[in-house]
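**Student:** got a sequence here, can you build the structure:
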Amino acid sequence: MTTLEKIEELIYRSAQEAAQRSREIDRRFQENERLLKERAREFELERKEMREQLYGLTKTLGLFAESMVYPSTIPIFFEYFPRFSGLKLYGAVAGLSVEDSVARYAYKNGLFVLVPAGQLVQIWNDANFIPRTFGVTEKTRPRRKK
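**Tutor:** Modelled structure (predicted):
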């Protein structure tokens, strides 16, 4: 084998090895991309599951608070503060974060919507808002036990 043939052989083998390395790099790249997509899907499922669990927890706590507070609100207000009997009561919802759909629902049902504004709270309702009144009339007002 002549020197020229040896050089050609080396070049040929080197080109084959380079092509094989290139195919291996492409294969690894595709495998990494597949694994990345798979992990992204898993992450999204985990995130969705955590969001649902958090929603379930906050909803449960909200319902618990409602069920504890609501039944005694008006009877306590008028039983312990008789000077306020006959006055109109207005309802409101408040939260650290109030979703637009919740605010609109409360607004349509005559409730004031209180939202954070810096270190204060502001009323979200506009000038067209008509509040719903709540309360117990003198005839149906619970009487204090003596």
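
**Student:** for the strand ranked longest in the chain, which outside residues touch it?
**Tutor:** As assigned by DSSP state E, the longest strand anywhere in the chain is strand 112-117. Contact partners of strand 112-117, identified using C-beta atoms under 8 Å, 6 or more residues apart in numbering, comprise 90-96, 98, 103, 106-107, 121-125, 129, 131. Every residue, glycine included, has its C-beta placed from N, CA and C.

**Student:** just the ones of those in strands?
**Tutor:** 90, 92-94, 121-123.

**Student:** of the residues you listed - the most surrounded one?
**Tutor:** residue 93 (17 neighbours; other C-beta atoms under 10 Å).

**Student:** isn't that one up against residue 106?
**Tutor:** Yes. If you go by C-beta atoms under 8 Å, residue 93 and residue 106 touch, sitting 4.6 Å apart.

**Student:** now for the helix or strand of the chain with the lowest mean pLDDT, which elements pack on it?
**Tutor:** Ranked by mean pLDDT, DSSP states H and E, the weakest helix or strand in the chain is strand 133-134, scoring a mean of 82. Packing partners of strand 133-134 (3 or more C-beta pairs under 8 Å, 6 or more residues apart in numbering; DSSP states H and E): strand 89-90.

**Student:** all set now, cheers.
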